[in-house]
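A.B. asks: Sharing a model prediction with you, sequence too.
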Amino acid sequence: MQALIDRIELNELMNRYAQAIDLRDWARLDSVFVDGEIEADFTSMGLRQPFRGPRAQWIAAVRDTINGFDATQHFFANHSAEIDGDAAVDTRYMQARHQLGSAHYTIGGYYTGRMLRTAAGWRIARYTLKVTFTDGDRRLMGIAYRKATGRL
């Protein structure tokens, strides 16, 4: 029974992650990560190296890109979790659409996360985005960042 509860809680964790980004709820996004340092590997999306550092710094980087879009929508499917006590490896397909005016940039692929059970529930300690396809104008990522940070 505990394995079923854990899987439901891991799904809810990642649903909160996606909703926080799409709703621009940065306090909620903060609640999905472990305290202290996290790791986020988005190199398949074009970042030069994985992020390793305080979660607040990662959330600020996400905010500085997402706030520049008119809308975003993140979807997850095909969830699986390998649970080992208070740790889990969570894998799920994803698709994220980023809209700016009439232009869009859609990313498809999957997340693989190392989740830890904490006193507050399951949290993301590290995760990797593996992009397997894109559609639309990739330049929108940079345009949205410059727009959000006042560098346009």
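C.D. replies: Structure's in. What do you need? Quick caveat: nothing in here was measured; it's all calculated off a predicted structure.

A.B. asks: mind listing the helices in this protein by residue range?
C.D. replies: Along the chain, counting by DSSP state H, helices occupy 2-23, 26-30, 55-66, 140-148.

A.B. asks: Stretch 118-127: which residues count as buried?
C.D. replies: Residues of stretch 118-127 classed as buried: 122-127 (neighbour count, 16 or more other C-beta atoms under 10 Å). In short, each C-beta sits where N, CA and C put it, glycine included.

A.B. asks: Please identify which two of those residues are farthest apart in space.
C.D. replies: By the measure C-beta to C-beta, Trp122 and Arg126 form the most distant pair in these, at 13.5 Å.

A.B. asks: before we move on, back to that, tell me the one among the buried residues of stretch 118-127 nearest to Gly46.
C.D. replies: Using C-beta to C-beta, Tyr127 is the member of those that lies nearest Gly46, at 16.6 Å.

A.B. asks: Grab the nearest non-local neighbour of the closest one.
C.D. replies: In this structure, Tyr127 finds its nearest non-sequential neighbour in Gly113, 3.8 Å apart by C-beta to C-beta, 6 or more residues apart in numbering.

A.B. asks: ok, back up a step: next, format the helices of the chain as CSV and append mean pLDDT, mean neighbour count and distance to Leu100.
C.D. replies: Listed next are those as CSV, based on pLDDT from 0 to 100; neighbours: other C-beta atoms under 10 Å; distance: least, C-beta to C-beta, whole Å:
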stretch, mean pLDDT, mean neighbour count, distance to Leu100
helix 2-23, 97, 15, 15
helix 26-30, 97, 15, 20
helix 55-66, 96, 17, 11
helix 140-148, 96, 17, 5
